[in-house]
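> no sequence for this one, just the structure:
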């Protein structure tokens, strides 16, 4: 007998689908890295967005098989952009962003990901570089399940004008459709080693 799913059943279905998608996307990403991908992606971002000096960019500290942001950090430093890294201040809350320069010492943060110390200046980014497991053509991303970037983007978009959310990934991480729920925030741009794509 057919019946409609309740709201709770639908939520469970989406949650399970996302969990399965993360496993598949993480396995796929392990096959995608190239030595020059980070440099190519950095060039694509800077050419497309042309950030002015003194704009604040929040990068992520790349771990595992994530597309590296180190070439982008080096290029932004030369161009006099101000860089920051995200910090988990408390669970189930938006991220905060602390200033970071290449020579700064970092401390272990959430999941032992390096973050700037508490003494580093808190900043509000103009451009938010977002890691992901997968993305689709309409600008939705599959994240890691914590919801930190979605909460952060919702807050930034409500509180200020012009903050750009930029997904940063290998071109091979594109998928036909990302499963989303009401909390998912779309990206403004997708930057890969092959292109810079503005989401319409």
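Everything's here; your move. Computed from a predicted structure; not experimentally measured.
> other SSEs contacting the longest helix anywhere in the chain?
In the chain, assigned by DSSP state H, the helix with the most residues is helix 7-29. Helices and strands touching helix 7-29, by 3 or more Cβ pairs under 8 Å, 6 or more residues apart in numbering; DSSP states H and E, are strand 134-135, strand 141-142. (Glycine included, C-beta is placed from N, CA and C.)
> Quick one: those as TSV, columns for mean neighbour count, mean pLDDT and distance to residue 42 too.
TSV is the format used below for these (neighbours: other Cβ atoms under 10 Å; pLDDT from 0 to 100; distance: least, Cβ to Cβ, whole Å):
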stretch	mean neighbour count	mean pLDDT	distance to residue 42
strand 134-135	26	98	18
strand 141-142	24	98	19
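> now residue 91: how far from residue 110?
Going from residue 91 to residue 110 by Cβ to Cβ, to the nearest Å gives 9 Å.
> Please identify the buried residues of the longest helix of the chain?
Buried residues in helix 7-29, counted by 16 or more other Cβ atoms under 10 Å: 18, 21, 22, 25, 28, 29.
> what residue lies at the spatial centre of this protein?
By Cα atoms, centre = their mean, the chain has its centre lying nearest to residue 130, at 1.3 Å.
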